[in-house]
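Asker: only geometry, no sequence info:
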């Protein structure tokens with residue numbers, strides 16, 4: 001092995017060595033501790049967050065409860081003040097026109113209002129503003145500071161909002177129409193109550209305004225500790241924001257979208273996370289029901305997770321310490337084990353080179369000591385085994401030489417047997433092929449004989465049919481001959497009848513000539529009658545008519561006679577043609593009679609020859625049947641010969657395959673014997689490598 005290969009092997013051993021494995025095994029529980037710490041941190045963070053959210057909501061809800069209770073007290077105090085009869089009478093205008101009584105009532109109302117404000121640490125000021133022609137009252141001054149300016153409040157947005165609410169009271173964060181009339185501003189009070197002043201008859205006659213002390217609200221908010229960098233505030237629906245005195249912030253709740261969403265929400269209180277200036281905050285709000293205000297807070301998420309982050313830091317520190325200890329302990333243990341293993345490897349490397357006298361010793365008292373003892377026992381047993389293998393190897397070498405000599409003799413004999421079997425197999429195969437060829441030719445001859453037999457049978461059938469047809473033709477010729485004779489007789493009769501008809505037409509011609517003569521005479525008679533009638537004059541007119549009719553009749557008779565003559569001429573001409581045709585037909589019939597006689601002789605000759613053909617075909621069919629029987633016997637014999645040849649060929653093929661297998665086995669045996677001899681010699685050379693005794 002080269003130096004580079006040894007270096008690479010060393011690097012691989014170091015990478016996959018027991019040191020790293022031990023360190024990795026120790027690190028597994030460390031990893032689980034890390035996972036446990038992470039889950040603990042996550043669970044603590046979740047629990048702390050949920051607890052923080054709940055406690056924050058409770059704190060805000062408590063602060064809101066303080067405000068609601070204080071506002072209820074202020075509302076009750078306002079109701080008690082407005083129930084005063086003097087205030088009701090004064091603002092209803094009962095003292096208008098009565099200057100002294102009106103002034104006295106004014107002073108009484110001021111004192112009652114001032115006493116009500118001073119008696120409550122929740123109020124900073126109070127105002128009574130009437131709608132009738134009376135002076136308004138303010139706890140901040142005994143003089144009428146409003147004057148005609150009271151209408152600014154009556155027509156102000158906050159007053160209109162109160163009117164539109166339809167309630168008995170209304171809470172607002174600002175009343176700018178009043179702030180300008182008294183020595184105050186919107187930041188000297190936190191929230192204000194507006195109630196109607198009712199007369200004894202429950203008629204609206206003015207408004208009571210109570211301003212809640214700003215410092216009181218700030219103190220309540222300041223007593224609520226939500227943590228560092230947290231923001232808590234009291235917000236009115238019209239945009240006023242109040243924060244604790246010590247809290248300095250430029251943040252505005254009213255301009256935030258999440259606050260606007262809270263106002264629009266149907267929930268009276270809620271907790272959610274929002275982002276302000278790219279930083280996560282927990283936003284908590286509780287609406288002050290019925291007072292148009294809410295208490296809300298913002299707490300940085302990092303403050304909430306502070307305790308959980310401490311758990312995370314502690315977990316990371318502990319894991320790092322545990323990892324360092326694990327790596328340190330694993331390194332020490334692995335170093336000792338690696339040293340022992342290197343010693344064992346060194347001894348085994350010497351033994352692998354043949355020196356089995358090596359000794360392995362260690363001071364350890366653990367499994368490595370047992371391992372070395374086992375290796376020493378193994379080396380001792382190998383020495384004994386090599387002693388025994390040396391003797392067996394020599395015996396195997398001698399036996400292999402004997403087997404090689406005997407296998408060569410058997411191999412020569414097997415080759416000679418295989419050659420003889422091969423020659424016999426070739427002859428049998430040739431014989432089988434010739435038998436198959438002869439069988440094929442006999443099959444072809446058999447097929448041809450069958451075809452000839454079928455053809456002969458078909459010719460015989462045709463001959464029989466021909467004979468029947470000839471007999472039928474001869475009978476038909478006899479009948480036809482009789483019919484020809486009858487036709488000749490009929491034709492001769494027709495000629496005689498036509499000649500008689502010609503004679504009769506000549507007789508009719510004589511009759512027609514007589515009719516023409518009668519017509520001429522009648523015509524002459526009618527002419528004479530006409531002449532006589534003309535001579536008779538008027539008396540002969542009737543006779544003249546008769547004579548004229550006779551003349552017409554004579555003319556018609558002459559015309560008819562002329563037509564009859566024409567018809568007779570045509571009949572005579574047609575009769576002459578018919579006579580000539582009948583005579584020609586008679587001559588043709590005579591010729592047919594002679595042809596029928598010749599045809600009848602031909603049919604008789606055909607009948608004789610067909611009879612001879614049928615007799616010869618019967619002889620041919622009998623001979624073919626005999627040939628068919630001989631052919632079947634010949635085919636059976638050839639099939640027996642072919643089957644026997646195939647069986648012999650198959651047997652010789654199996655015998656040849658068996659001899660081939662035997663030859664292969666003998667050759668394999670010979671090769672194995674030679675290999676065995678070579679291996680035995682190599683075994684001896686290998687055994688000589690081992691050192692099993694100490695050199696003397």
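Answerer: Yes, it's here. The structure displayed is predicted, hence computed values, not measured ones.
Asker: Going by C-alpha atoms from here, please, whenever you check contacts or count neighbours.
Answerer: Noted.
Asker: Can you give the domain ranges for the chain?
Answerer: Under the assignment automatic domain parsing, the domains of the chain span 48-308, 381-688.
Asker: ranking these by mean pLDDT, which is last?
Answerer: Per-stretch mean pLDDT for the domains of the chain is lowest at domain 381-688 (a mean of 72).
Asker: Which of the domains of the chain has the highest mean neighbour count?
Answerer: Across those, the average number of neighbours (mean count of other CA atoms under 10 Å) peaks for domain 48-308, which reaches a mean of 18.
Asker: now it: how far from the chain's centre is it?
Answerer: Between the mean C-alpha location of domain 48-308 and the chain-wide mean there is a distance of 67 Å, by CA atoms, centre = their mean, to the nearest Å.
Asker: now do stretch 520-532
Answerer: Between the centre of stretch 520-532 and the centre of its chain there are 126 Å (CA atoms, centre = their mean).
Asker: Likewise for stretch 509-519?
Answerer: The chain centre lies 118 Å from the centre of stretch 509-519; the measure is CA atoms, centre = their mean.
Asker: okay, the domains of the chain in a markdown table with distance to residue 370 next?
Answerer: Formatted as a markdown table, the domains of the chain follow (distance: least, CA to CA, whole Å):
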| stretch | distance to residue 370 |
| --- | --- |
| domain 48-308 | 52 |
| domain 381-688 | 16 |
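Asker: nearest to residue 27, of those?
Answerer: For those, proximity to residue 27 was assessed by CA to CA; domain 48-308 is nearest, at 25.0 Å.
Asker: This protein: helices as residue ranges?
Answerer: In the chain, the helices defined using DSSP state H lie at 3-15, 18-82, 85-91, 99-118, 150-154, 157-165, 176-179, 214-222, 257-264, 301-304, 306-352, 367-536, 541-689.
Asker: tell me how far the ends of stretch 163-174 are from each other?
Answerer: 16 Å (CA to CA, to the nearest Å).
Asker: With distance to residue 242 added, can I get the helices of the chain in a markdown table?
Answerer: Shown next, in a markdown table, are those (distance: least, CA to CA, whole Å):
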| stretch | distance to residue 242 |
| --- | --- |
| helix 3-15 | 68 |
| helix 18-82 | 13 |
| helix 85-91 | 33 |
| helix 99-118 | 21 |
| helix 150-154 | 23 |
| helix 157-165 | 19 |
| helix 176-179 | 17 |
| helix 214-222 | 7 |
| helix 257-264 | 14 |
| helix 301-304 | 23 |
| helix 306-352 | 28 |
| helix 367-536 | 79 |
| helix 541-689 | 102 |
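Asker: Quick check: residue 305 touching residue 51?
Answerer: No: using CA atoms under 8 Å, residue 305 is not in contact with residue 51, being 11.3 Å away.
Asker: Please name the bridge partners of residue 211.
Answerer: Beta-bridge partners of residue 211, counted by DSSP bridges, are residue 125, residue 192.
Asker: Let me see the contact set for it.
Answerer: Shown in contact with residue 211 (CA atoms under 8 Å, 6 or more residues apart in numbering): 123-126, 189-193.
Asker: Also residue 489?
Answerer: Going by CA under 8 Å, 6+ apart, the list of residues near residue 489 is empty.
Asker: Tell me the spacing between it and residue 483.
Answerer: Distance, residue 489 to residue 483, by CA to CA: 10 Å.
Asker: Could you do residue 346 as well?
Answerer: Separation of residue 346 from residue 483 (CA to CA) stands at 141 Å.
Asker: Show residues contacting stretch 130-144.
Answerer: Stretch 130-144 is touched from outside by 90-93, 96, 106, 109-110, 113-114, 117, 125-129, 145-147, 150, 154, 182-183, 197, 205-207, with contacts defined as CA under 8 Å, 6+ apart.
Asker: Endpoints of it, how far apart?
Answerer: Terminal-residue distance, stretch 130-144 (CA to CA): 12 Å.
Asker: And for stretch 146-155?
Answerer: Stretch 146-155: ends 14 Å apart by CA to CA.
Asker: Kindly report the same for stretch 165-178.
Answerer: Using CA to CA, one end of stretch 165-178 lies 20 Å from the other.
Asker: any residues touching that stretch, and which ones?
Answerer: Stretch 165-178 has contacts (CA under 8 Å, 6+ apart) with 152-153, 156, 158, 162, 185-186, 190-196, 236-240, 291-292.
Asker: With stretch 254-263 instead?
Answerer: Applying CA under 8 Å, 6+ apart, the contact partners of stretch 254-263 are 235, 237, 239-241, 253, 274, 285.
Asker: of all these, which two lie farthest apart?
Answerer: The span of those, defined through CA to CA, is set by 240 and 274 at 21.2 Å.
Asker: coming back round to it: so which of the domains of the chain gets nearest residue 323?
Answerer: Residue 323 lies closest to domain 48-308 among these, at 22.4 Å (CA to CA).
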